[in-house]
Structures are given as C-alpha cells and as structure tokens.
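Asker: kindly return the folded structure for what I paste below:
(one chain, ligands or ions: 2)
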Amino acid sequence: MTLAETPNYKNSSNPFLTLNYESALESLGDDYYDEVAAAEFPQHILRWRNDALLPRLGLDPQAVTDEDFITAFGKFQGRKPLLALRYHGYQFGEYNRQLGDGRGFLYGQVRASDGELYDFGTKGSGRTPYSRGGDGMLTLKGGVREVLAAEALHYLGVRTSRCLTMIETGLSLWRGDEPSPTRSSVMVRMSSSHLRFGTFERLHYLQRPDLTKKLLDHVIEQYYPHLNAQQDKYVLFYAELVERFAKLAAQWMAAGFCHAVLNTDNMSITGESFDYGPYAFIPTYDPYFTAAYFDYYRRYCYSHQPSICKLNLEMLQEPLKAIIDKGELEAGLAKFDEHYYAEYGSLMLKKLGFEQLPHPAADELVNLTIEFLQDSQIGYHQFFYEMARTFSSKWRDEPGFVLNNSDIVPVPGVSAIFDNWCILYHKILNSFDCDRIDVIAQTLAVQNPKTVLLRPVIESTWEAIAQEDNWQPFYELVQQIQSRS
Ligand code: AMP
Ligand code: MG
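Answerer: Numbering: from 1, shown residues only. Ligands and ions are numbered 1, 2, ... in the order given. Here you go, the predicted model:
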C-alpha cells in the first residue's frame with residue numbers, strides 16, 4: 001500500500017506526509033532495494049531545519065512546525081515503504097560488493113516546484129541488510145559537517161545535494177576517528193538521486209543486462225528527460241553524464257574543495273555532488289592536499305579529482321557496454337578534458353572578477369594566479385576574498401596599486417611572480433572601459449564570500465556544541481553561508 005492510499009496519513013496535518021510523493025524507483029520492482037524499518041531513538045531534538053528548501057517543496061516555512069520535522073524524519077511515522085538501496089562500488093580502487101545503504105534509506109521521492117524529482121535520503125537511521133559490522137548510525141558531528149558542506153558548496157555554485165533536516169537522537173556512539181562516546185544524529189538529505197555508478201556496477205556483477213537497461217531507461221526518463229525521445233538516447237546520456245561530471249569536478253576545484261572519498265558508490269548518476277564525510281576545503285593551493293586521513297596513497301587528493309571522475313566514468317562503461325557501443329562510450333569520455341578545462345577556466349575567471357576575457361589573456365591570468373598561489377602558499381580563499389574586499393578603480397592606474405591595500409604580502413622568493421601577476425591584472429583591467437569596473441567589483445564580491453568552511457572554522461563550531469551544547473555558532477555560520485556574507 002502506498003502512502004497516498006493510507007487513510008490515516010492522507011489527511012495528516014503534517015505537511016511532510018502529504019507531499020506529492022511519487023513511487024518512481026519503487027515502481028521498478030524490488031531488484032534494486034530492500035524494504036527496511038527505521039531505528040527507534042531515545043531522543044529527538046531538532047538541530048537543523050533547512051527552511052530555504054521548503055518553498056521548493058511548495059511549503060511555507062511558517063506553516064511547518066519543528067514537531068512536523070521530528071515526526072516525519074526522526075520518528076519516521078506514516079511513511080512506507082522505506083527502501084535501503086542496493087549497490088556495489090570501487091572503493092579506493094578495489095571492487096566491493098558488500099555495499100548498499102548500510103545506515104540510510106530512501107524515505108521518499110518528491111516532485112518539487114521546479115518540476116524535478118528529488119530523493120529524501122536518510123543517513124543514520126538504523127541498521128539495514130547492508131550494515132555489515134556497522135551500527136547504522138551517524139555521529140552528530142558527521143551530521144553537522146554534512147549540513148555545512150552542502151550549504152557551503154551550494155552557495156559557491158557547486159551542484160550538490162542539500163540537507164533538509166538533522167535531528168539529534170540521544171545515542172552514544174563509538175568511533176575510531178572521533179573522541180568517543182560521541183553523540184548521534186539522523187540527517188535527511190534532499191538530492192537529485194541516490195542512484196550511483198555503483199548501482200549499475202552491481203547489476204553488471206550480477207550479470208543482469210536486463211536490469212541495467214531497465215534502470216538506465218528510468219534514469220533517462222527521470223533525470224535526462226530531454227533525451228528521452230532521441231533515437232540515440234543512451235549514447236547522448238553517457239556524453240551528458242561525462243559533461244556533468246567534468247563540470248562538477250571543475251566546480252569542486254574552483255571552490256577549493258576536496259571531497260575526499262570519490263569511490264564509485266559516492267558518484268551520483270545525475271552528476272550531483274553528495275555524501276560528505278571527511279571532506280575539507282583547501283587552506284592553500286596544494287595539489288596533493290588530501291582530506292581523508294585513511295587515504296594513505298593520496299588517491300583522492302585535491303588535484304586528482306578530475307582524473308578520478310574520469311576514471312570512474314571509464315569504469316562505468318563496463319555495465320553500460322551491455323547497452324551502448326564501446327566506441328561511442330570512448331568517444332563520449334574523450335570529451336571530458338575539453339569540458340573540464342572550459343568550465344574550470346570560466347569559474348576561475350569569475351573568481352578573478354571577469355565573466356569573460358579574450359584568449360590568451362584568460363589562460364595566462366588563470367595560470368599565473370595558480371602559480372602564485374601554489375608558490376606563495378598564501379591562503380587560497382583569503383587571496384580571492386582580499387581581491388574582493390580591497391578592489392579599487394585605482395588598480396587601473398599602476399601595477400603597484402594592485403592589491404597594495406590588502407593583506408596579501410608576498411613572501412620572499414615569490415615577489416617576482418607577484419609583480420608579474422599585478423602587471424598582468426593591471427593590463428587586463430585597462431582593457432576594460434571605466435564603466436565596467438563596478439561590474440568587476442560586483443563579480444569579485446559575489447564569487448568570493450568572506451565565510452569559508454576551513455577546518456578550524458568547523459572545529460570551533462563543533463567545539464561549542466561538544467563542550468557547552470552551544471548551537472549559536474553553528475546557526476550563525478549557516479546563516480553567514482546562506483547570506484553569502
Ligand atoms: P560511505 O563511506 O559513507 O559512503 O559508506 C560506505 C559504506 O559503508 C556504505 O555502504 C555505508 O552505508 C556503509 N556504512 C558507513 N557507516 C556505517 C555505519 N555506521 N553503519 C552501517 N553501515 C555504514
Ligand atoms: Mg557513500
């Protein structure tokens with residue numbers, strides 16, 4: 001019985017229970033998931049509600065109570081079936097078939113006001129057939145970190161899932177990477193889909209091309225609907241997936257973000273970024289910056305992200321070969337670099353204040369900026385914020401005026417690159433009419449917010465919660481991120 005047919009909840013006053021749920025994945029049959037039950041928790045304390053998302057669900061935040069969040073997403077009352085998704089994946093290069101939703105499930109799928117289908121996916125909602133030795137739980141710190149990452153990335157223009165809510169659940173958890181016992185939470189993510197590359201890899205492993213095709217048809221119908229009527233829709237799908245991932249990788253790189261665990265079970269089939277565990281924003285431009293302490297060989301370090309996405313896309317060809325010609329797949333993947341460099345160049349130019357620049361000035365400026373940031377080890381985010389903060393039309397007058405009113409002081413050894421950078425930036429500014437200067441200032445300000453989610457910022461926010469149960473710094477931080485201040 002689906003929710004809509006359940007008389008008790010059809011007339012519920014809880015707006016989350018009467019949303020326009022669709023049984024898109026459920027209707028494919030139970031080859032792709034297992035029905036599960038949610039854990040029962042000793043406590044439910046609403047710690048985060050993402051009111052910014054509610055209008056997209058057709059809901060007025062004023063009309064949604066905290067209790068509505070708790071009943072729906074902490075107690076999971078009135079919603080069935082809850083589906084633990086089946087998937088496999090390559091983890092740090094090794095194929096793992098012991099995967100699947102081990103601490104979460106698909107709570108429901110909703111058509112939002114933008115016409116798109118979204119998943120509500122839980123994290124920390126209890127054990128499932130895929131939990132292996134795990135407790136099925138999410139630490140409170142893990143919940144806090146994912147809420148922050150998703151909001152920060154979204155407001156930096158990265159295509160990402162968001163967190164709808166996070167509820168503290170009153171359990172004591174033991175973790176090797178957090179002082180333990182540590183507090184628990186359940187988090188509900190709103191994402192474009194929880195179908196992963198690993199969902200397809202599992203079907204290939206099971207030698208079920210029939211199920212692969214059925215799932216691929218579903219993916220195209222729901223998430224690539226503009227391709228649905230095309231004769232070569234499968235080829236076009238893969239080509240678009242390649243483009244989406246090339247752009248996503250470029251967005252991470254420009255944002256100075258290191259996802260940290262780019263296993264194929266963390267790669268969404270819609271090309272959206274999701275699942276934030278040990279991620280970090282880079283403090284300085286270090287290509288080998290590695291966010292996960294257990295990533296001993298720096299496989300998923302900052303600068304490897306584009307090539308890892310490309311490799312994962314290449315491995316996805318194995319299951320897709322059942323449907324798409326190998327040559328077509330290879331031709332699709334061959335476009336990755338072109339898409340990546342075009343997007344990365346354009347995003348970096350924006351961070352530098354420009355919507356567009358003629359070639360070769362565009363490449364020259366981006367390359368010199370990276371060279372300076374890498375050699376100087378000046379804060380990556382600080383550099384761009386200082387540009388935004390101190391930008392002045394005076395910078396047009398002389399190269400020596402560029403950034404001279406900022407906190408950017410080049411250390412010995414890099415002053416020559418810095419001087420060259422100032423000369424180039426000055427020259428480029430002078431290629432614009434005076435009346436464009438305000439637009440450049442505006443672009444710099446929009447692209448480079450002051451608040452950056454560097455590790456010390458997250459840690460001090462967490463310490464206030466851990467030591468004093470003081471949530472104010474967390475709410476203030478989210479507010480600053482959301483208001484781009
Ligand atoms: P992740 O690294 O978060 O993408 O998770 C990798 C796999 O481990 C997935 O199958 C997760 O569902 C599972 N997993 C992670 N943590 C837990 C946990 N505490 N309990 C059960 N399963 C977990
Ligand atoms: Mg995952």
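
Asker: now the residue in the chain that ligand 2 sits nearest to. Nearest residue, chain neighbours left out?
Answerer: Closest residue of the chain to ligand 2, C-beta to the ion: Asp275 (4.1 Å). The C-beta positions use only the backbone N, C-alpha and C, and glycine is treated the same way. Excluding the flanking residues, the one nearest Asp275 by C-beta to C-beta, 6 or more residues apart in numbering is Asn266, at 4.7 Å.

Asker: tell me, how many residues neighbour Asn470?
Answerer: Asn470 has 12 neighbours, counted by other C-beta atoms under 10 Å.

Asker: regarding this structure, what is its longest strand?
Answerer: strand 162-173 (DSSP state E).

Asker: is ligand 1 contacted by it?
Answerer: No. Taking C-beta under 6 Å from any ligand atom as the criterion, strand 162-173 and ligand 1 are apart, separated by no less than 8.0 Å.

Asker: who does that strand pair up with?
Answerer: If you go by DSSP bridges, strand 162-173 pairs up with strand 45-49 (antiparallel), strand 182-191 (antiparallel).

Asker: hmm, the last one in reach of ligand 1?
Answerer: No. For a cut-off given as C-beta under 6 Å from any ligand atom, strand 182-191 has no contacts with ligand 1; the smallest distance is 10.0 Å.

Asker: what's in contact with stretch 428-445?
Answerer: 350-355, 357, 361, 365, 384, 387-388, 391, 393, 395-396 (C-beta atoms under 8 Å, 6 or more residues apart in numbering).

Asker: what's the ChimeraX line that selects buried ones from these?
Answerer: Typed into ChimeraX, the line below selects the buried ones among the contacts of stretch 428-445, using 16 or more other C-beta atoms under 10 Å:
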select :350,351,352,353,354,357,365,384,387,388,391,395,396
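
Asker: please list which of the contacts of stretch 428-445 also come close to ligand 1.
Answerer: Among the contacts of stretch 428-445, none lies close to ligand 1 by the criterion of C-beta under 6 Å from any ligand atom.

Asker: so of the contacts of stretch 428-445, which ones are in helices?
Answerer: Lys350, Lys351, Ala361, Leu365, Phe384, Met387, Ala388 (DSSP state H).

Asker: tell me which element the residue of the chain closest to ligand 2 is part of?
Answerer: Here Asp275 sits in a region with no helix or strand, counting by DSSP states H and E.

Asker: from the structure, what's the count of residues near it?
Answerer: Here the number of neighbours of Asp275 (other C-beta under 10 Å) works out to 25.

Asker: over to Ala441?
Answerer: Neighbours of Ala441 (other C-beta under 10 Å): 16.

Asker: that one and Phe432, how far apart?
Answerer: Counting by C-beta to C-beta, to the nearest Å, the gap from Ala441 to Phe432 is 12 Å.

Asker: can you pull out the strands in this protein?
Answerer: 33-36, 45-49, 82-85, 89-91, 94-96, 106-111, 117-123, 138-139, 162-173, 182-191, 257-258, 280-281.

Asker: give me every residue that touches the residue nearest to Arg159 when sequence neighbours are not counted.
Answerer: Spatial nearest neighbour of Arg159, chain neighbours left out: Glu272 (5.3 Å); criterion: C-beta to C-beta, 6+ apart. By C-beta under 8 Å, 6+ apart, Glu272 lies in contact with Arg159, Thr160, Ser161, Ser191, Ser192, Ser193, Leu248.

Asker: beta partners of the fourth one?
Answerer: Yep, that's Ser191 we're talking about. Ser191 has these beta-bridge partners by DSSP bridges: Asp119.

Asker: hang on, isn't it packed against Phe274?
Answerer: Yes. Contact status for Ser191 versus Phe274: in contact at 5.2 Å, counting by C-beta atoms under 8 Å.

Asker: between the two, who's got more neighbours?
Answerer: Comparing Ser191 with Phe274 by neighbour count (other C-beta under 10 Å), the higher total belongs to Phe274, at 25 against 21.

Asker: hang on, the earlier thing: right, and the residue nearest to Asp275 touches Pro278 too?
Answerer: No. Applying C-beta under 8 Å as the test, Asn266 and Pro278 come out as separate, 11.6 Å apart.

Asker: quick one on the thing from earlier: reformat the strands of the chain as CSV; add distance to ligand 2 and mean pLDDT.
Answerer: As requested, the strands of the chain are exported to CSV (distance: least, C-beta to the ion, whole Å; pLDDT from 0 to 100):
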stretch, distance to ligand 2, mean pLDDT
strand 33-36, 16, 98
strand 45-49, 20, 98
strand 82-85, 11, 98
strand 89-91, 8, 98
strand 94-96, 11, 98
strand 106-111, 14, 98
strand 117-123, 9, 98
strand 138-139, 12, 98
strand 162-173, 15, 98
strand 182-191, 11, 98
strand 257-258, 16, 98
strand 280-281, 17, 98
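
Asker: let me have these in CSV, adding distance to Thr65 as columns.
Answerer: Below are the strands of the chain laid out as CSV (distance: least, C-beta to C-beta, whole Å):
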stretch, distance to Thr65
strand 33-36, 27
strand 45-49, 10
strand 82-85, 23
strand 89-91, 38
strand 94-96, 41
strand 106-111, 19
strand 117-123, 18
strand 138-139, 24
strand 162-173, 12
strand 182-191, 16
strand 257-258, 34
strand 280-281, 34
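
Asker: out of those, which is closest to Asp66?
Answerer: Among the strands of the chain, strand 45-49 comes nearest to Asp66, with 4.7 Å by C-beta to C-beta.

Asker: quick one: residues in contact with that closest one.
Answerer: So strand 45-49 is contacted by 64, 66, 69-70, 74, 140, 143-144, 147, 163-168, 170, 185, 471, 474, 478 (C-beta under 8 Å, 6+ apart).

Asker: packing partners of the biggest helix by length in the chain?
Answerer: Secondary structure of the chain per DSSP H: the longest helix is helix 233-255. Counting contacts by 3 or more C-beta pairs under 8 Å, 6 or more residues apart in numbering; DSSP states H and E, helix 233-255 packs against helix 209-223, helix 305-320, helix 326-333, helix 336-351.

Asker: and the gap between the residue lying closest to Ser185 once chain neighbours are set aside and Arg79?
Answerer: Nearest non-adjacent residue to Ser185, counting by C-beta to C-beta, 6+ apart: Gly143, 3.6 Å away. Applying C-beta to C-beta, the value for Gly143 to Arg79 is 20 Å.
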